[in-house]
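>>> Just the structure for this:
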Amino acid sequence: MPSDISAASPVLPATKDGQGRVSSREIWSLVWPQALMMMMQFLVGFTDVFVAGRISPHLQGILGIITQCQFCLLVLGMAVVNGGLAAMSQSLGARLPLRTRRYVGLLFKLSATFCLLTLGFGLILQRQILGALHVPEEIFPLTLELWELYLGAMPASYLAFTTTAVFRAHKQVGVPLISILLVCIINTLGDFGLGLGMFGMPDMGGRGLVWASILSVSAGALFNLAVLVSRRMVTAGSFAPWRWEKRAVPYIVRVALPAGCSQFLWQLGHLALIFITATLPENSVSAVAGLTAGMRVESFLFLPAMSFSFTGSILVGRCLGAGNLSEAKRVGLRVVSAGALSMTLTALALLPFVREIAAFVSPESTAVQEVSASYMTYNFLATPCTMVSMIMSGIFTGAGATYFSLITFSCSTWLLRLPLAWYMGHTVWRAAAGVFIAMPISQFVQASLCIYLFLYRDWYRFSSTAKRFRRSSGAATRTFVK
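Okay, the predicted model is just below:
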């Protein structure tokens, strides 16, 4: 291997707080900006849907179809970025600046490659994709046009989450926070201006919403890139020779492939759960409507939870890079505890008001409200387990152990949740509550598996620096494995 990958270096603390410990202040300084980022990303999507509803109910459906499909197209690219985040965090913890810069350059190259592949796939198979989703014939032409426009925003999307990953690895989360704020402002002005013809802008309808997305995401991505260049976090020297890259790419791939498969199977599991609910023997229409409404509320509630997951990934990756396994475990448990406690208190505070929340989300149907309230009750009670699973997934990503996430998430979903949901919903209760009760049960099993793997299995061996520390001195090895 090239020297900057394999060469041993002294065991150094990933962060300093007393004797190399990560402080509570450092954890929360990473959590709250990323929580705000998640909330603003939600606001961007909410504004698109809100304005689309004022233009045409059909447009809301079109945007929902396109957004879901394009998320699936981005899954593998985002998985590669997660692999790069793990590699960069570990390299920064190991105090290997050249290696870090080269991983930044390699991540840019890989993102550009996957972006081109995704664009080609989306353009060549666009009619087949939309046809497979049974898009109604009367809205097919507009859906196809907006699909092509949204594909034009994909390079900016790739650049945005690639540059954001670089800042996260460096613990500079304030920059992407400013970037998403810029995106939110431009997108809101563009949606109302170009979508509805306000502020003296041309009324472009649905096309205006797409252009607002393209302009806003491009502005945010370019802002990130400009700051990276100005801070010399990416330079011409970041792009290493092929001899180095061919030895570095396999690690990113080993992290990315399980992560991509895990995300894909997770999304597919959601679709399967909707199918199980839609085929219930009684009140299936109301059940599906209540399920989707409850999912929207749940997704909003757990947006801040993702900030704990990202924080765990960053800090654990850095600790492993420094060869400090005991601190990696300690900070991992602290992030899990802080996230689970804070979000559980939030869920318990909302639990008495699930019926009022359901009425707000679905004001037109009492039956849908009942189903939605049932869904939220079960999932709010499962919040501790859900949080443990989400944050542990981030921790495993930071360690490069995405294989563990793939196993735990896939098994709990496909071997337990879905069969149990079918049995309880179709045979025992013959109602939506039977489907919903399977979710907290599977979440408990999933969280238990994650905790077991974290405490008792050698997940740290997936770290890119594990081999380097085994080659180090005896003291270094003892520090790593103790």
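>>> roughly how far is stretch 437-456 from the heart of the chain?
Mean-position distance between stretch 437-456 and its chain equals 19 Å (C-alpha atoms, centre = their mean, to the nearest Å).
>>> List the buried residues of it.
By neighbour count on 16 or more other C-beta atoms under 10 Å, the buried set for stretch 437-456 is 437-447, 449-451, 453-454. (Glycine included, C-beta is placed from N, CA and C.)
>>> What is the nearest of these to Thr279?
Of all the buried residues of stretch 437-456, Thr279 sits closest to Ala438, with 14.8 Å by C-beta to C-beta.
>>> Which elements pack onto the strand or helix carrying the closest one?
Assigned by DSSP states H and E, Ala438 belongs to helix 432-456. Packed against helix 432-456, as judged by 3 or more C-beta pairs under 8 Å, 6 or more residues apart in numbering; DSSP states H and E, are the following elements: helix 242-278, helix 284-301, helix 325-350, helix 366-381, helix 383-399, helix 402-410, helix 418-423.
>>> Show me where the stretch 51-200 of the chain dips below the pLDDT cut-off.
Low-confidence segments of the stretch 51-200 of the chain (pLDDT under 70): 57, 60-61, 68, 132-136.
>>> Next, the contact list for Gln263, please.
Neighbour list for Gln263: Val75, Met78, Ala79 [criterion: C-beta atoms under 8 Å, 6 or more residues apart in numbering].
>>> Was I right to think Arg168 contacts Gly312?
No: applying C-beta atoms under 8 Å, one finds Arg168 not in contact with Gly312, separated by 11.6 Å.
>>> Who has more neighbours out of those two?
Gly312 (32 against 24; other C-beta atoms under 10 Å).
>>> What are the buried residues along the one helix or strand Thr143 maps to?
Per DSSP H and E, Thr143 falls inside helix 140-152. Residues of helix 140-152 classed as buried: Leu142, Thr143, Leu144, Leu146, Trp147, Leu149, Tyr150, Leu151 (neighbour count, 16+ other C-beta under 10 Å).
>>> Near the closest residue to Ser362 other than its chain neighbours, how many other residues are there?
If the residues on either side of it in the chain are set aside, Ser362 comes closest to Val368, at 4.3 Å by C-beta to C-beta, 6 or more residues apart in numbering. Number of residues near Val368 (other C-beta under 10 Å) recorded here: 25.
>>> what do you get for Ala349?
10.
>>> follow-up on the earlier one: hey, what's the angle from the helix holding Ala438 to helix 242-278? Just curious.
Counting by axes from the mean of the first three to the mean of the last three C-alpha atoms, to 10 degrees, helix 432-456 lies at 150 degrees to helix 242-278.
>>> how big is the angle separating helix 432-456 from helix 325-350?
Going by the same axes, to 10 degrees, helix 432-456 makes 160 degrees with helix 325-350.
>>> What mean pLDDT does helix 432-456 get?
For helix 432-456, mean pLDDT is 95.
>>> List the contacts of the nearest residue to Arg296 once chain neighbours are set aside.
Distances taken as C-beta to C-beta, 6+ apart place Val361 nearest to Arg296, at 6.6 Å, with adjacent residues excluded. If you count contacts by C-beta under 8 Å, 6+ apart, Val361 has them with Ala293, Arg296, Val297, Ser372.
>>> Can you tell me how far Val361 is from Met88?
Using C-beta to C-beta, to the nearest Å, Val361 is found at 39 Å from Met88.
>>> What count of nearby residues applies to Phe192?
The burial count assigned to Phe192 is 20, neighbours taken as other C-beta under 10 Å.
>>> doesn't Met204 make contact with it?
No: counting by C-beta under 8 Å, Phe192 stays clear of Met204, with 11.8 Å between them.
>>> Can you name the helix or strand that Arg232 falls in?
Assigned by DSSP H and E, Arg232 falls outside every helix and strand.
>>> Any idea how many residues pack against the closest residue to Ala367 other than its chain neighbours?
Nearest residue to Ala367 in three dimensions, chain neighbours excluded: Ser286, at 4.0 Å (C-beta to C-beta, 6+ apart). Around Ser286 there are 20 other residues, counting by other C-beta under 10 Å.
>>> which ones are touching Ser286?
Ser365, Ala367, Val368, Glu370, Val371, Ala432.
>>> Go again with 7 Å.
Ser365, Ala367, Val368, Val371 (C-beta atoms under 7 Å, 6 or more residues apart in numbering).
>>> Any idea how many residues pack against the last one?
In terms of burial, Val371 registers 28 neighbours under the definition other C-beta under 10 Å.
>>> what's the residue nearest to it when sequence neighbours are not counted in contact with, if anything?
Of all residues not flanking Val371 in the chain, Gly290 sits nearest, at 2.5 Å (C-beta to C-beta, 6+ apart). Gly290 is in contact with Val368, Val371, Ser372, Tyr375, Ala432, counting by C-beta under 7 Å, 6+ apart.
>>> repeat that with 10 Å
For Gly290, the contacting residues are 277, 283, 358, 361-362, 365, 367-376, 432, 436, by C-beta atoms under 10 Å, 6 or more residues apart in numbering.
>>> now Ala35
Trp28, Leu177, Leu303, Pro304, Ala305, Met306, Ser307, Phe308, Phe310, Thr311, Ser342.
>>> Could you dump those into CSV and include neighbour count and distance to Ala259?
Shown next, in CSV, are the contacts of Ala35 (neighbours: other C-beta atoms under 10 Å; distance: C-beta to C-beta, whole Å):
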residue, neighbour count, distance to Ala259
Trp28, 15, 26
Leu177, 19, 24
Leu303, 17, 20
Pro304, 20, 21
Ala305, 23, 18
Met306, 19, 14
Ser307, 24, 18
Phe308, 27, 18
Phe310, 26, 13
Thr311, 32, 17
Ser342, 17, 25
